[in-house]
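Engineer: build the 3D model from these lines:
(chains A and B)
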Amino acid sequence: MSEFPAVRPMDELLRLITLQDYNTRVVLLGAAALGAAAGAVGAFAVLRRRALAGDALAHASLPGVCVAFLVLGERSLPILLLGALVFASLGAATLALLRRFTRLKEDAALGVVLAGYFGLGVALLRHIQNSPTGQQAGLETFVFGHAATMVRSDAMLIAIVAIAAAGVLVLLYKELKLLCFDREFSASLGRPVLVLDLALLALIAVVTVVGLPAAGVVLMAALLIIPAAAARFWTQRLGLMLILSAVFGVIAGIVGVGASALVPDLSTGPSITLAAAAIFVISVFLAPQRGMIIAALRRRRLSQRIGVQNLLRDLFELDETAARESVVAPRPWPMAEVALKRARDSDELERSARRALARGLVARDGDHLSLTPQGQHEARRLVRAHRLWELYLIEQARIAPDHVDRDADEIEHLLSEDDLDRLERRLAELGRAELGRAVEGLPVSPHQLRSPAGGAS
Amino acid sequence: MTSLLLASHHPGGLWEILSGLRAHEAWMMLTAAACAVACAVPGCFLLLRRLSMLGDAIAHAILPGLALAFLITGSRDVLPMLIGAAAVGMLTVVLSGGLSRLANVAEDAAMGVVFTTLFALGVLLISKAAENVDLDASCVLYGVIELVPFDTVSVLGLDVPRGLPTLAIVAVVNITLAILFWKELKLTAFDAGLATTMGISAAVVHYGLMGVVAGTAVASFEAVGSVLVIAMLVAPPAAAHLLTDRLGRMVVLSVLLAIVAAVLGFVLALWLETSVAGMMAFVAAVQVAIAALCGPRHGVLAKALRLWALSRRIAREDILGTLYRAQEAATPHPQPPPAATRGLSGRLAWAGLRWRRWVRHEGGGWILTPAAMPHAERIIASHRLWESFLAESLELPPSHLHDPSERTEHFIPPEVEAELRRRFEGRTDPQGKPIP
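Structural biologist: Next up is the predicted model:
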């Protein structure tokens, strides 16, 4: 596969990096341009839920290659690509017609277009290969791709198409953005959504077709989808996503071609795809906002905070109930007593207690816990949030007092001081009795609190 | 090589091919038909779940499974390869499901990322493995159905292609599973929420179906190639979906269509001396196009004909209404009414009325004959009853009564008309004209 004679890897790496080899330069340029174009167009394709359209249209272009070859009788890349483009466009039109006039959904329409056109393509390809001239036509490189055979004119063609695609994207940016995010709204503004959809499909078709000789049918789909899906992890803004996606495409192209030049038997198509996949995997795990590691960490921190806050409120309410019922409470509270307040296992309680201890919110004496003044303050805020929300639910959502505890449990951790003040004012306007009987600004609980077992009289 | 085989036997036309079908070709066709049936049944449920492209994804992802199995065992034994392929097929399902659930990637994008990456890995591994074995990516893609008859096993004393018993068993198993779990498949496809409340685990059904699809794809690829698997998973169910609204009929129809596509595609491929799998896929897609055009309820033609019939009826009723009003006001209509010259439907409606002798030129104008009167009265009654209703119940001003009634008059069902008649019995319309 490799175009290079067997030399030592280091030498080859040096040759590659310094771009001494003309062929490598051409292929790198072509792959980078292809990656940029596919990345940018793919961003819209993915957002429009048309990610697999590239796959279908790439397959649909195969009969075009064959027909062009049959008509021309020889292998001339521009003509073959023209044929491919014609059939990819036919595929896009079929897709749009199936969606518009039949009740087939996107997936089925894509599958039918893919299978029908590709089947025809395979049949034509076999027909050509059976003929004497067809043997050496090498049309099957269109299916699997072979960028190493790229020549200067191919790379230039790809670069020109990339620039043209970028131009169209800039021109239609606002329209396509609206189409992707709210098609109905776009239609209600009088935008020609069908034409825009077709324009997007045409862009996908053009980019797919110029990439075919390099990446092949299946892997062209990868270049459209993977950089865009990766870019989606890093940002919530479309403009930035578009740029990132194009950049990822360029990186995948360059790294893929480089690796393919260095490693024997590594064809460019799979190599570019795997480079893109590596970027995707990095994005899935490491992206700062939507990445899985960050998200997992964030979830963990939240659940830890909730654990500590639950412990604080439990201790506070135990104190409060004991004081009201004037039981001689065994304060500080034994862990076993605290554990009865809600469903959680003893390990979880132990961990929460340790965290609260470390932050100086509780004091610990062997197996017994009590709130520090700082913990008191924090707990008071939580209890206030809990009870105000309970009252609000009773008052506004007409939920029975014995059903509000659970709902308030979930929301109390998320309410801000501002929210609480607003809630309190609103409830005061409505004249809730519990506010009137508030002790030190803290409303009484609208439902029965469990009495501590130790000193129940 | 395959083409040489076929070409040398069949110099003639289509009929010669059919009449001269050799035994090995009949086996080939049977194998393909079994594969088509095996794919079409689970394909129906994929279609209803909007997962048709998953077949495509799984069929592509088989490649690395095969290569891995080969690299690990170092042999071309069938069993490890099947296991490897099925495992990677399921991996595709699990990974793309996980990506869309856990990492919030859109479902189709997740599928696209996973299967293209796996396919790239597969091409890579195969080129590594292919140095010393005949394992070729294009083989997996297009299949070597033409070679099926030469790789035979003996079943009940008959030399049958090795692929046939496998695919026949898969087809029977798939049909049996569909019958056994009919209720579960149906419920989870149409209303997963209801299915869950009835104690059917949507996840179990989902992964079961995916397992069936992966197994079918794996069993088929060696004999017939991925192209045919993808086509038969999507196209016959899609065509059947356009032809009927009932799930049972859809499954049966898709099986029949799959068989027809297999047979027709095969014959065409022999005739044109080309790829059998490719031709079958193409015929299956053409079936979808035909169903989309000619389907009885949802077909484009049927819909267009219904619309055209409706527009002719409306034109006819408008003509009758206009002439009735002219006669009522004793102002004869020297020209045909405007509705009679509006478009092809209008002209046809007018021609129909004249042919039926419902209209006649008399006394310097067009008038309705007695035969037309009951029909004209009905439409005028509909119009005036609706005006009365709008005026009384919706309290619309008189200027706003005519236009909506002009549209609604064509669509008032008899029960509503009877109801309105009872209500406005013996009264005139808002303009004081009698209701016939």
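
Engineer: residue numbers of the stretch 151-300 of chain A in contact with chain B?
Structural biologist: Applying CB under 8 Å from any CB of the partner chain, one finds that the stretch 151-300 of chain A approaches chain B through A:218-219, A:221-222, A:224-226, A:228-229, A:232-233, A:265-267, A:269-271, A:273-274, A:277, A:280, A:284, A:290, A:292. C-beta here means a position set from N, CA and C on the backbone, and glycine is covered the same way.

Engineer: hmm, stretch A:94-107 touching chain B?
Structural biologist: Yes: using CB under 8 Å from any CB, stretch A:94-107 reaches chain B at A:Leu98, A:Phe101, A:Thr102, A:Arg103, A:Leu104, A:Lys105, A:Glu106, A:Asp107.

Engineer: make a ChimeraX selection of the buried ones in the residues of the stretch 151-300 of chain A next to chain B.
Structural biologist: Under the burial definition 16 or more other CB atoms under 10 Å in any protein chain shown, those of these that qualify are selected in ChimeraX by:
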select /A:218,219,221,222,224,225,226,228,229,232,233,266,267,269,270,271,273,274,277,280,284,290,292
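
Engineer: among the residues of the stretch 151-300 of chain A next to chain B, name the ones in helices.
Structural biologist: A:218-219, A:221-222, A:224-226, A:228-229, A:269-271, A:273-274, A:277, A:280, A:284, A:292 (DSSP state H).

Engineer: now the helices for the stretch 151-300 of chain A?
Structural biologist: A:152-171, A:173-181, A:183-188, A:193-215, A:217-231, A:238-262, A:268-286, A:292-324 (DSSP state H, counting those that start in this stretch).

Engineer: using JSON lines, lay out the ones you listed together with mean pLDDT and distance to A:His377.
Structural biologist: Listed next are the helices of the stretch 151-300 of chain A as JSON lines, based on pLDDT from 0 to 100; distance: least, CB to CB, whole Å:
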{"stretch": "helix A:152-171", "mean pLDDT": "86", "distance to A:His377": "55"}
{"stretch": "helix A:173-181", "mean pLDDT": "89", "distance to A:His377": "45"}
{"stretch": "helix A:183-188", "mean pLDDT": "87", "distance to A:His377": "48"}
{"stretch": "helix A:193-215", "mean pLDDT": "86", "distance to A:His377": "57"}
{"stretch": "helix A:217-231", "mean pLDDT": "88", "distance to A:His377": "45"}
{"stretch": "helix A:238-262", "mean pLDDT": "91", "distance to A:His377": "42"}
{"stretch": "helix A:268-286", "mean pLDDT": "90", "distance to A:His377": "38"}
{"stretch": "helix A:292-324", "mean pLDDT": "86", "distance to A:His377": "10"}
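
Engineer: deepest-packed of those, please.
Structural biologist: helix A:217-231 (a mean of 32; mean count of other CB atoms under 10 Å in any protein chain shown).

Engineer: about what we covered before: hmm, which two among the residues of stretch A:94-107 next to chain B are most spread apart?
Structural biologist: A:Phe101 and A:Asp107 (17.1 Å; CB to CB).

Engineer: so which bits of the host helix or strand of B:Ala304 are buried?
Structural biologist: Under the criterion of DSSP states H and E, B:Ala304 resides in helix B:300-328. By 16+ other CB under 10 Å, the buried positions in helix B:300-328 come out as B:300, B:311-312, B:314-327.

Engineer: who does it touch, helix- and strand-wise?
Structural biologist: Packed against helix B:300-328 by the contact rule (3 or more CB pairs under 8 Å, 6 or more residues apart in numbering or on different chains; DSSP states H and E) you find helix B:276-294, helix B:343-355, strand B:365-368, helix B:373-393.

Engineer: weakest of these by average pLDDT?
Structural biologist: Lowest mean pLDDT within those: strand B:365-368, at a mean of 85.

Engineer: what residues does it touch?
Structural biologist: B:320, B:323-324, B:326-327, B:331-337, B:358-361, B:376 (CB atoms under 8 Å, 6 or more residues apart in numbering or on different chains).

Engineer: show me which of those residues are buried.
Structural biologist: Buried among those by 16+ other CB under 10 Å: B:Leu320, B:Leu323, B:Tyr324, B:Ala326, B:Gln327, B:His333, B:Pro336, B:Pro337, B:Trp358, B:Val359, B:Ala376.

Engineer: how about the residues of the stretch 151-300 of chain B that lie near chain A?
Structural biologist: B:227-228, B:230-231, B:233-235, B:237-238, B:241-242, B:269, B:272-275, B:277-286, B:288-289, B:292, B:298, B:300.

Engineer: of those residues, buried ones?
Structural biologist: B:227-228, B:230-231, B:233-235, B:237-238, B:241-242, B:269, B:273-275, B:277-286, B:288-289, B:292, B:298, B:300.

Engineer: report pLDDT for B:Ala130.
Structural biologist: 61.

Engineer: whoops, I mixed them up, B:Ala223
Structural biologist: 70.

Engineer: which of the helices and strands packed on helix B:300-328 sits most buried?
Structural biologist: Buried most deeply of the helices and strands packed on helix B:300-328, by mean count of other CB under 10 Å, is helix B:276-294, with a mean of 26.

Engineer: strands of the stretch 51-200 of chain B, start to end?
Structural biologist: B:152-155, B:158-161 (DSSP state E, counting those that start in this stretch).

Engineer: mean pLDDT for those strands: which is lowest?
Structural biologist: strand B:152-155 (a mean of 64).

Engineer: residue contacts, A:Glu417?
Structural biologist: A:Arg381.

Engineer: what's the spacing between it and chain B?
Structural biologist: For A:Glu417, the distance to chain B equals 31 Å [CB to the nearest CB, to the nearest Å].

Engineer: do the same with A:Ile243
Structural biologist: In terms of CB to the nearest CB, A:Ile243 sits 18 Å off from chain B.

Engineer: can you get me a residue count around A:Gly190?
Structural biologist: 7 (other CB atoms under 10 Å in any protein chain shown).

Engineer: quick check: phi and psi on it?
Structural biologist: phi 90, psi 10 (degrees, to the nearest 10).

Engineer: same thing with A:Gly216?
Structural biologist: According to degrees, to the nearest 10, A:Gly216 has phi 90, psi 170.
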